[in-house]
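1. just coords:
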């Protein structure tokens, strides 16, 4: 059996071991369909290609993704989230200056919030990296990919209760470690809610 004939989950295991040929097969298998989907959503081929390339690069770099059994669903959900994130950023960039500060505070305050946001994002990524690989995967699927507990359980071969326990433990970990950053944590929460 050649690499081209292998199912995604076996190729993912090969990728986890650093097999570039397996990744190239996955890339060729999924890239065109993902690009068409992104192109239809964005109406911008260059941007669509950039988002799909970023997604595939992320897939190559993240070894914990080898646990995903339904790669096609995962890729489309991740791409959908990347497109939504792009539209959110674009919408925020068109906010008129007079609407940026409802209390007529100086514009430097907006710059302060941008700095705090960058610090919180860095802190969040650092703390996320400290989680165990399985807990990080479950938490990421729940919070960043907006998957339900049942979907995560199906993707990772864990029970729904185990998924809930991983998410609860991750949230408790973040709450404990981020107590000193109350204002920054509030901003982080707002970022995930909107």
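-> Right, received. Where do you want to start? The shown structure was predicted, so the numbers you read here are calculated from the model rather than taken from an experiment. Numbering: from 1, shown residues only.
2. Number of residues surrounding residue 11?
-> 22 (other C-beta atoms under 10 Å). From N, CA and C alone the C-beta is placed, and that goes for glycine too.
3. Mind telling me what element residue 128 is part of?
-> helix 108-130 (DSSP states H and E).
4. pLDDT averaged over that helix - what is it?
-> Mean per-residue pLDDT for helix 108-130: 68.
5. what's the answer for stretch 87-102, then?
-> 57.
6. what does stretch 136-152 give?
-> pLDDT averaged over stretch 136-152 gives 86.
7. Run through the helices of the chain in chain order.
-> Here the chain has its helices, by DSSP state H, at 8-16, 20-42, 45-61, 71-93, 97-100, 108-130, 133-143, 149-156, 160-177, 182-193.
8. Give me the domain ranges for the protein.
-> 3-93, 131-193 (the TED database).
9. Turn the ones you listed into a markdown table, columns for distance to residue 123.
-> Converted to a markdown table, those look like this (distance: least, C-beta to C-beta, whole Å):
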| stretch | distance to residue 123 |
| --- | --- |
| domain 3-93 | 19 |
| domain 131-193 | 7 |
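10. Lowest average pLDDT across the ones you listed?
-> domain 131-193 (a mean of 77).
11. count of residues packed around residue 51?
-> So residue 51, with other C-beta under 10 Å, has 23 neighbours.
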